[in-house]
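Chemist: predicted model and sequence follow; I will ask about them next.
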Amino acid sequence: IVKNLFTAGQMNGTSGYEEAAGQGLMAGINAALTVQGKEPLVLKRSDGYIGVMIDDLVTKGTLEPYRLLTSRAEYRLILRHDNADMRLSEIGHDIGLLSDERYQAFINKQAAVEAEIARLKGIRLKPTAELQAFLAEKNSTQLRDGFLFADLLKRPELDYDSLYPFAPLEEPLSSDVTRQVEIQIKYDGYINKAYSKVEKLKRLEEKRIPENIDYDSINGIANEAKEKMKKIQPETIAQASRISGVNPADISVLMVHVQSGKFSLVK
């Protein structure tokens, strides 16, 4: 079975072991879902690198063996190895790949991370002699007044473990929880900006293109774009926007026609 799934990935245009295995995994998952009469699993570009790879192969094609580079992912800031469980555990549990026990462990971890972030955002550290001496040792700016723990943690020269003694818990948290807490606080601005872009893309992903739409009947779309979309048959506006040779003007015209319902279907 493993060999057959790996081959399924190789057939789609890659010589890379990881790339082929990723496609094989998706082939196996969707084969099982089909047998069960369930909807297929489609990973978005913001869900994981497998989603990026499959979307690239579908919308852009490849003239040479496809290798997945991080530069291909526009949301690589949120596609990190440390948050893979937070991105994919719910999906894995829904399709039956993640046991109830492991899913509950994930839920507990997520709750612990959220609770600790909320706690640190509510703790104001006073500029005591001990804290000032610690900051001086770390070559960090001294405090003139009280300062939120979370804001202090954003300083690049400081980390969770070294600041923890100034606001300890009755029971210390596990290292995987504290690491996630530190990452989310330190890069809060960048991560929120990335998720904001994901939400904008999600709205485009929700705008589905009717099946068998007649692109030739839509005036205003460049001929090259029409040919590309007829060949690839994108399911959503967002997917159409990622096709090589389809420009923003073409997408704007397509959106207007899809929303208005003024288009013809291929008979």
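Modeler: Okay, I see it.
Chemist: need the pLDDT of the residue lying closest to Ala84 once chain neighbours are set aside.
Modeler: Nearest residue to Ala84, sequence neighbours excluded (CB to CB, 6 or more residues apart in numbering): Gly48, at 7.4 Å. For glycine as for every other residue, the C-beta is placed from the backbone atoms N, C-alpha and C. Per-residue pLDDT puts Gly48 at 94.
Chemist: kindly report the same for Gly37.
Modeler: Per the predicted model, pLDDT is 95 at Gly37.
Chemist: in space, not sequence, find me the middle residue of the chain.
Modeler: Ser46 (2.7 Å; CA atoms, centre = their mean).
Chemist: secondary structure class for that residue?
Modeler: Following DSSP: H, G, I helix; E, B strand; the rest coil, we place Ser46 in the coil state.
Chemist: got a pLDDT number for the residue of the chain most remote from its centre?
Modeler: Largest separation from the mean C-alpha position in the chain: Ala129, at 43.2 Å (CA atoms, centre = their mean). In this prediction, Ala129 carries a pLDDT score of 95.
Chemist: equivalent analysis for Asn219, please.
Modeler: 87.
Chemist: show me the contacts for it.
Modeler: Shown in contact with Asn219 (CB atoms under 8 Å, 6 or more residues apart in numbering): Val253.
Chemist: same check on Arg80?
Modeler: Contacts of Arg80 (CB under 8 Å, 6+ apart): Ile183.
Chemist: cool, and Arg155?
Modeler: Ser140, Thr141.
Chemist: quick one: which helix or strand includes it?
Modeler: If you go by DSSP states H and E, Arg155 is not part of any helix or strand.
Chemist: in the protein, where's the longest helix?
Modeler: helix 100-122 (DSSP state H).
Chemist: what is that one packed up against?
Modeler: helix 84-94, strand 147-148, helix 149-153, helix 175-186 (3 or more CB pairs under 8 Å, 6 or more residues apart in numbering; DSSP states H and E).
Chemist: in TSV, list the ones you listed along with mean pLDDT, mean neighbour count and distance to Gln110.
Modeler: Shown next, in TSV, are the helices and strands packed on helix 100-122 (pLDDT from 0 to 100; neighbours: other CB atoms under 10 Å; distance: least, CB to CB, whole Å):
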stretch	mean pLDDT	mean neighbour count	distance to Gln110
helix 84-94	96	16	6
strand 147-148	96	16	23
helix 149-153	97	19	18
helix 175-186	96	18	9
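Chemist: can the ones you listed go into TSV with extra columns for distance to Glu74?
Modeler: Shown next, in TSV, are the helices and strands packed on helix 100-122 (distance: least, CB to CB, whole Å):
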stretch	distance to Glu74
helix 84-94	15
strand 147-148	32
helix 149-153	28
helix 175-186	20
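Chemist: out of these, which gets nearest to Val258?
Modeler: Counting by CB to CB, Val258 lies closest to helix 84-94 out of these; the figure is 27.5 Å.
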